[in-house]
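Peer 1: the amino acid sequence is not available; the structure is as follows:
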Ligand code: FAD
Ligand code: MLT
Ligand code: ZN
């Protein structure tokens, strides 16, 4: 094929893969929902190479699909045909600069999130974005999906950590807003366009990110709470008494804990007695170790006095802290080992989470028997309300027969409560119908107009999010 040869000439033979076996692992998404195809796959090494690749693809009438670590949950990085080139960012993996005074890092899109965390930590600094996939997902993918994760409560979503971006636009030109400025009100905040755009408006090649002082004191506790409502009432109390150090406020249902204990090794229940509702609460701050303990104790005492907290286990060491996090972060893997779930990622105003949880079983009644695994970022009003096949049933058949209707029922419920059908995982190709169904018509129209303005030919990640 002419384009593949031209790409080999442009990037070098080692940067272009066109055989099926070589491309195979990159053509299937994380959840194995999609198997794609592409003319070839390219691994450019620099912004200039990305820009030249885009120009060449456009000359040949070929579309481009950006791909990071391929851990996304909505099939956004899976190419959809042999008229598309899969552009993998993993070789753009340099950390260009760490500025300890301005507390910023300038990093390329292909840097793996865990490597970025480690690099800044070596300078006594901290990049707070954190999630179960951090060993494989890449900065570019995190920004393109505006990822959430485990510390949004204190630090915000991925997009909120961005000061500047470098982006290759659909015409192959380079937008450079790569400034480490905290304040810059000079017109439209163009970088916002690309955060959460899932590669449909351009390819992020680098970013300037905010850093924070490295936390040196952690207090991590596993709490049993009386109900989801009690958990929601505990949240403002914890934030008030936690001195703005509450970093994570994660909910884990008894069913999710049971899945982890059944399917993962070396997992002990943190509390002696079984409870229906649990929280993983973490306080952290750049303070001498032990400083936060009185705050945590005070908070737990107040929570118990109000009848919200029933029991608590406090991590007394780093390994104990890790053991608690292993349970929370192990839930997606445990669900996978249990035959995979019908995943949901809904958000509602935080105070309405109890109402959502009260109404959801009614919405799902017609699909019984089923199993439910509820967990997630309660402090952000974001639950993963996942549905699994009943014991003994074939999970694939269950998902095929009921998946779409189960999701529709839960998404309708969230939307009816002013919530979102996708709090942090994005839209990709999986949730395009939902985007049409639940979006404000004016918002949808504006999204299409923006897409048409930047990418009139629909060459950038076609079939994802919106088309022009
Ligand atoms: P990919 O999957 O490669 O791509 C995702 C989308 O971004 C695609 O549309 C792709 O085209 C686009 N894209 C990728 N790179 C670029 C680029 N440089 N420029 C433009 N577009 C680009 N997500 C959360 O939000 N919170 C969580 O807590 C969380 N936990 C997870 C836990 C596990 C175990 C797993 C497997 C996934 C989890 N995820 C979570 C989902 C996923 O890890 C995130 O969405 C992540 O941000 C995707 O990054 P990636 O590099 O893998 O992107
Ligand atoms: C999480 O919070 O663990 C993820 O966003 C959900 C998942 O991986 O299923
Ligand atoms: Zn999540």
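Peer 2: Happy to help now that I have it. These numbers were taken from a predicted model, which means no experiment stands behind them. Residues are numbered from 1 along each chain as shown. Ligands and ions are numbered 1, 2, ... in the order given.

Peer 1: tally of neighbours for the residue of the stretch 351-468 of the chain found nearest ligand 1?
Peer 2: Using CB to the nearest ligand atom, the single residue of the stretch 351-468 of the chain nearest to ligand 1 is residue 424, 3.5 Å away. C-beta coordinates here come from the backbone N, C-alpha and C atoms, glycine included. Residue 424 is flanked by 23 other residues according to other CB atoms under 10 Å.

Peer 1: also residue 2?
Peer 2: Neighbour tally, residue 2, other CB under 10 Å: 7.

Peer 1: how about residue 24?
Peer 2: Per other CB under 10 Å, the neighbour tally for residue 24 reads 11.

Peer 1: quick revisit: before we move on, what SS does the residue of the stretch 351-468 of the chain closest to ligand 1 have?
Peer 2: Put simply, residue 424 is coil when judged by DSSP: H, G, I helix; E, B strand; the rest coil.

Peer 1: surely it touches residue 149?
Peer 2: Yes - contact status for residue 424 versus residue 149: in contact at 7.4 Å, counting by CB atoms under 8 Å.

Peer 1: how about the residue of the stretch 351-468 of the chain closest to ligand 1, what does it touch?
Peer 2: Residues in contact with residue 424 (CB atoms under 8 Å, 6 or more residues apart in numbering) are 145, 146, 147, 148, 149, 152, 157, 345, 377, 382.

Peer 1: looking at these, which are in strands?
Peer 2: When DSSP state E is applied, the contacts of residue 424 are split such that 377, 382 fall in strands.

Peer 1: so residue 195 makes contact with residue 142?
Peer 2: No - contact between residue 195 and residue 142 fails when scored by CB under 8 Å: they sit 9.7 Å apart.

Peer 1: tell me the secondary structure at the single nearest residue of the chain relative to ligand 2.
Peer 2: Closest residue of the chain to ligand 2, CB to the nearest ligand atom: residue 332 (3.4 Å). Following three-state DSSP, the label given to residue 332 is helix.

Peer 1: burial of residue 288, as a residue count?
Peer 2: 9.

Peer 1: do the one 5 residues further on as well
Peer 2: The burial metric for residue 293, expressed as a neighbour count using other CB under 10 Å, is 13.

Peer 1: tell me which residues in the longest helix belonging to the chain are buried?
Peer 2: In terms of residue count, the longest helix belonging to the chain (DSSP state H) is helix 395-416. Within helix 395-416, the residues that count as buried by 16 or more other CB atoms under 10 Å are 395, 398-399, 402-403, 406-407, 409-411, 413-415.

Peer 1: pLDDT and distance to residue 246 added to those, as TSV?
Peer 2: Converted to TSV, these look like this (pLDDT from 0 to 100; distance: CB to CB, whole Å):
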residue	pLDDT	distance to residue 246
395	95	36
398	96	37
399	95	36
402	96	37
403	96	35
406	98	33
407	98	31
409	98	32
410	98	28
411	98	29
413	98	28
414	98	24
415	98	29
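
Peer 1: do me a favour and get the end-to-end distance for stretch 346-362?
Peer 2: Across stretch 346-362, the terminal residues are separated by 17 Å (CA to CA, to the nearest Å).

Peer 1: mind listing what's buried in it?
Peer 2: Those would be 346, 347, 348, 350, 352, 353, 354, 355, 356, 357, 359, 360, for stretch 346-362 by 16+ other CB under 10 Å.

Peer 1: kindly report the same for stretch 333-347.
Peer 2: 334, 335, 338, 340, 341, 342, 343, 344, 345, 346, 347.

Peer 1: excluding chain neighbours, what is closest to residue 197?
Peer 2: residue 144 (6.5 Å; CB to CB, 6 or more residues apart in numbering).

Peer 1: ok, the one you found - contacts?
Peer 2: With contact taken as CB under 8 Å, 6+ apart, residue 144 is in contact with 66, 68, 76, 194, 195, 196, 197, 198, 199, 204.

Peer 1: narrow the residues you listed to those in strands?
Peer 2: Those of the contacts of residue 144 lying in strands (DSSP E): 66, 204.

Peer 1: residue 167 and residue 192 touch, don't they?
Peer 2: No - taking CB under 8 Å as the definition, residue 167 is not a contact partner of residue 192, at 11.6 Å.

Peer 1: more crowded one of the two?
Peer 2: For residue 167 versus residue 192, neighbours defined as other CB under 10 Å are more numerous around residue 167 (28 against 13).

Peer 1: if we can go back for a sec, out of the contacts of residue 424, who has the most neighbours?
Peer 2: Tallying neighbours with other CB under 10 Å puts residue 145 at the head of those, with 30 neighbours.

Peer 1: and for that residue, nearest residue in space, chain neighbours not counted?
Peer 2: Using CB to CB, 6+ apart, the closest residue to residue 145 is residue 426 (4.6 Å).

Peer 1: got it, and residue 411?
Peer 2: Per CB to CB, 6+ apart, closest to residue 411 is residue 421, 4.1 Å.

Peer 1: residues near residue 386, how many?
Peer 2: As a burial measure, residue 386 scores 26 neighbours (other CB under 10 Å).

Peer 1: can you list phi and psi of it for me?
Peer 2: Per-residue torsions, residue 386: phi -90, psi 150 (degrees, to the nearest 10).

Peer 1: who does it bridge with?
Peer 2: When bridges are called by DSSP bridges, residue 386 pairs up with residue 373.

Peer 1: does it touch residue 340 like I think?
Peer 2: No - the pair residue 386 / residue 340 is not scored as a contact, 9.4 Å apart, by CB under 8 Å.

Peer 1: returning to what we had before: and the buried residues of stretch 333-347, which of them are in helices?
Peer 2: Per DSSP H, helices hold the following members of the buried residues of stretch 333-347: 334, 335.

Peer 1: for the buried residues of stretch 333-347, work out which two are farthest apart.
Peer 2: Within the buried residues of stretch 333-347, 338 and 347 form the most distant pair, 24.5 Å apart (CB to CB).

Peer 1: run through the residues of the protein sitting next to ligand 1.
Peer 2: Contact residues (CB under 6 Å from any ligand atom) of the chain with ligand 1: 30, 65-73, 76-77, 89, 109, 131-133, 137-138, 140-142, 144-145, 147-149, 198-199, 203-204, 332, 424-425, 428, 461, 464.

Peer 1: alright, calling it a day.
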